[in-house]
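Next input, structure requested:
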Amino acid sequence: MENEDLETIRKLIPFDSMAEGEFTNVMSQARLATVAKGKMVFKRADEDSKVYWLVSGSLDLLDDKFEAKNRQAGDEVATHPIDNNSPHRLTAVSTEESRILTIERSEMGMSGGDTTVEEEEDEGIDWMSTLLSSPLFEFIPPANIQTLFGKFEEVQFEKGEAVIKQGDPGDFFYVIQKGRAKVERSSGDKIVVLAELHAGDNFGQDALVSDVPRNATVTMTTNGTLMRLSEPDFESLLMQPVIETVSMEETEEMIQQGDPKTYIIDVRTPKEVETDKLPGSLNVPLLLLRKNAPKLKPDSVYVMADDGGKRAELGAYILNEKGFTAYVLKR
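Numbers count the residues shown, from 1 in each chain. As a prediction, this is how the structure comes out:
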């Protein structure tokens, strides 16, 4: 590190009270990194073995209600570590190009508690942090996160009440804050239970992405509190950042380069594919995509195809939600 950086760090807590030898030893284990504007430094509820200090620039610190407090380098509060808790109680997002000092907690002899943090201890399931842990949020600009969570509204449901019904049009995306539910699909007289949902789980996105009716019924098995996001807000804040398109020419180039390996997945039904098969594509019908996702290679890229409708978009959303890299083929 430059001498100028070391002089700045020397003013931070607890470096200001260290003997010269101890400070030199700790700095040999430290890392000073530049973070671009709008980047997430760490996420609320994540376990973390590192301690962070703001050396230059500024951060927004978002609490459990996604209310932001700004921290500027040079301010008195910025002499303390940034949210020295594991798991973190705050999400830190850079509001300008900033430099962040990190040191392993074990090197500092620190525990996971910071008495300078003003936030109260969490109680129960934190649905916001659970949703934030989804790989989808790698696509969401950090500056938009506060806007997104501000759009959710709280709704109450009683045991036995249907939240959404198979065949109805899509209107909301839901996250369970408290309670449990079951997902059922009917075919003729037969009803199949597809999943059991618990606090932190989300549902309802399929109809919103694909613009087709609900493909299942979700019924509360206990009284519950749900958070919901309207279709327009879901589309602009969650769907659009997640779904990217590529042309056939771009796809062929990706396949030819082969690093990482790229595959075309056609999500139409086998009958549809018979008469219009894309060369080199794999056929995984949309309704079977979630079931077959564990068979896919996590280090590969998937280009989702259909007949130019919305099914490929839903396929890409599903895979990106599960941590894969997926695009939509422009046809």
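
Next, count neighbours for Ala326.
Neighbour count for Ala326, taken as other Cβ atoms under 10 Å: 24. In this view, the C-beta of every residue, glycine as well, is placed from N, C-alpha and C.

Which pLDDT value goes with it?
Note on Ala326: pLDDT of 95.

gap between it and Met128?
As judged by Cβ to Cβ, to the nearest Å, Ala326 and Met128 stand 25 Å apart.

now swap in Ala36 and tell me
Taking Cβ to Cβ, one finds Ala36 at 24 Å from Met128.

And the two? Which one has more around it.
Comparing Ala36 with Met128 by other Cβ under 10 Å, the one with more neighbours is Met128, at 24 against 9.

who touches that one in this structure?
Met128 is in contact with 44, 64, 66, 149, counting by Cβ atoms under 8 Å, 6 or more residues apart in numbering.

Within the helices and strands, which one has it?
Take DSSP states H and E as the rule and Met128 turns out to sit in helix 127-132.

Find the centremost residue of this structure, please.
What sits nearest the mean C-alpha location of the chain, by Cα atoms, centre = their mean, is Phe137, with 2.6 Å.

give the contact list for Leu278.
Leu278 touches 264, 266, 305, counting by Cβ under 8 Å, 6+ apart.

wait, I meant Arg185
For Arg185, counting by Cβ under 8 Å, 6+ apart, the contacting residues are 166, 191-192, 194, 215-217.

And Gln177, by the same measure?
When contacts are taken as Cβ under 8 Å, 6+ apart, Gln177 is in contact with 125, 127, 154, 199, 224-227.

which of those are buried?
Among the contacts of Gln177, those buried by neighbour count (16 or more other Cβ atoms under 10 Å) are 127, 199, 224, 226-227.

nearest residue to Asn70 other than its sequence neighbours?
Asp60 (5.6 Å; Cβ to Cβ, 6 or more residues apart in numbering).

Next, count neighbours for that neighbour.
There are 20 residues near Asp60, going by other Cβ under 10 Å.

Which pLDDT value goes with it?
Here, the pLDDT recorded for Asp60 equals 90.

Could you look up the SS state of it?
Here Asp60 is recorded as strand under DSSP: H, G, I helix; E, B strand; the rest coil.

Could you check how far it is from Val93?
According to Cβ to Cβ, Asp60 and Val93 sit 5 Å apart.

do Pro169 as well
For Pro169 relative to Val93 (Cβ to Cβ), the value is 35 Å.

swap in Ser86?
19 Å.

Of the two, give the one with the bigger neighbour count.
Val93 (23 against 19).

Not counting its own residues, what contacts the one helix or strand that one maps to?
Using DSSP H and E, Val93 sits within strand 91-94. Residues outside strand 91-94 that contact it (Cβ under 8 Å, 6+ apart): 35-44, 52, 57-62, 82-83, 132, 142-143, 145.

before we move on, what about stretch 55-71?
Contacts for stretch 55-71 (Cβ under 8 Å, 6+ apart): 5, 8-9, 12, 32, 35, 41, 44, 54, 72-73, 77-78, 82-83, 89-101, 119, 122, 126, 128-129, 145-146, 149-150.

Could I have the buried ones of the residues you listed as ChimeraX selection syntax?
To isolate the buried members of these in ChimeraX, using 16+ other Cβ under 10 Å:
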select :5,8,9,12,32,35,41,44,54,73,78,82,83,89,90,91,92,93,94,95,98,99,100,101,126,128,129,145,146,149
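
For the stretch 201-331 of the chain, just list every one of the strands.
202-203, 217-220, 224-230, 245-246, 262-266, 282-283, 301-305, 325-329 (DSSP state E, counting those that start in this stretch).
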